[in-house]
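**Student:** just to be clear, the model below is a prediction. Sequence and coordinates:
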Amino acid sequence: MKTKRFGVSLDENLVDSFDAFIAKHHFPNRSQAIGFLIQKNLTEEKWEENREVAGAIVLVYDHHRRELQNRSTHIQHDFHHLVLSVQHVHLDHHNCLETIAVKGRARELAEFSDRLIGIKGVMYGKLVMCSL
């Protein structure tokens, strides 16, 4: 990948806030932080335009909750064309963490994750998407 250099002029207060952001998120330099923010915004545009994206749905739930795993499996079968892989981890005697790698149109991935996160007994759920 070829690197291009360019200059940026910003208000001093904005630069101070940006430097605080860089320190908080442990970026090695301003260039890395700018690249991250540009990529993040480009990805969000793709979500809004319903373009193809990839990502992961993360769920934490009590596997003893009645019918939770059956409901999750049925929903995953309804959206099977989006699922790349599923990883299931036992956190302790009651709690499981499931990571579902996904790829497809942004709105459909959001609908899929909303259905999973909405299952009674899911304690935590989040969809993370990135542009392709």
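**Tutor:** Great, that's in hand.
**Student:** neighbours around the closest residue in space to residue 65 that isn't next to it in sequence, how many?
**Tutor:** Of all residues beyond its chain neighbours, the one nearest residue 65 is residue 121 (3.3 Å), with distances taken as Cβ to Cβ, 6 or more residues apart in numbering. From N, CA and C alone the C-beta is placed, and that goes for glycine too. For residue 121, the neighbour count with other Cβ atoms under 10 Å is 15.
**Student:** you'd agree residue 121 is up against residue 69?
**Tutor:** No. Residue 121 sits out of contact with residue 69 when judged by Cβ atoms under 8 Å, with a separation of 9.4 Å.
**Student:** list the buried residues for the helix or strand of the chain with the lowest mean pLDDT?
**Tutor:** Scoring the helices and strands of the chain by mean pLDDT, DSSP states H and E places helix 30-48 at the bottom, with a mean of 86. Going by neighbour count (16 or more other Cβ atoms under 10 Å), the buried part of helix 30-48 is 33, 43, 46, 47.
**Student:** now these in TSV, with distance to residue 115?
**Tutor:** Putting those into TSV (distance: Cβ to Cβ, whole Å) gives the following:
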residue	distance to residue 115
33	35
43	22
46	22
47	18
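**Student:** which one of those residues sits closest to residue 5?
**Tutor:** Distance to residue 5 across these (Cβ to Cβ) is lowest for residue 33, with 15.6 Å.
**Student:** all strands for the protein, in order.
**Tutor:** Along the chain, counting by DSSP state E, strands occupy 52-62, 83-90, 95-105, 122-131.
**Student:** gap between residue 99 and residue 72?
**Tutor:** 13 Å (Cβ to Cβ, to the nearest Å).
**Student:** joint contacts of those two?
**Tutor:** Shared contacts of residue 99 and residue 72 (Cβ atoms under 8 Å, 6 or more residues apart in numbering): residue 59.
**Student:** more neighbours: which of the two?
**Tutor:** Neighbour count, other Cβ under 10 Å: between residue 99 and residue 72, residue 72 has more, with 21 against 14.
**Student:** can you tell me how far the more buried one is from residue 19?
**Tutor:** 44 Å.
**Student:** picking up where we left off before, phi, psi of the residue nearest to residue 65?
**Tutor:** Backbone torsions of residue 121, given as degrees, to the nearest 10, read phi 110, psi -10.
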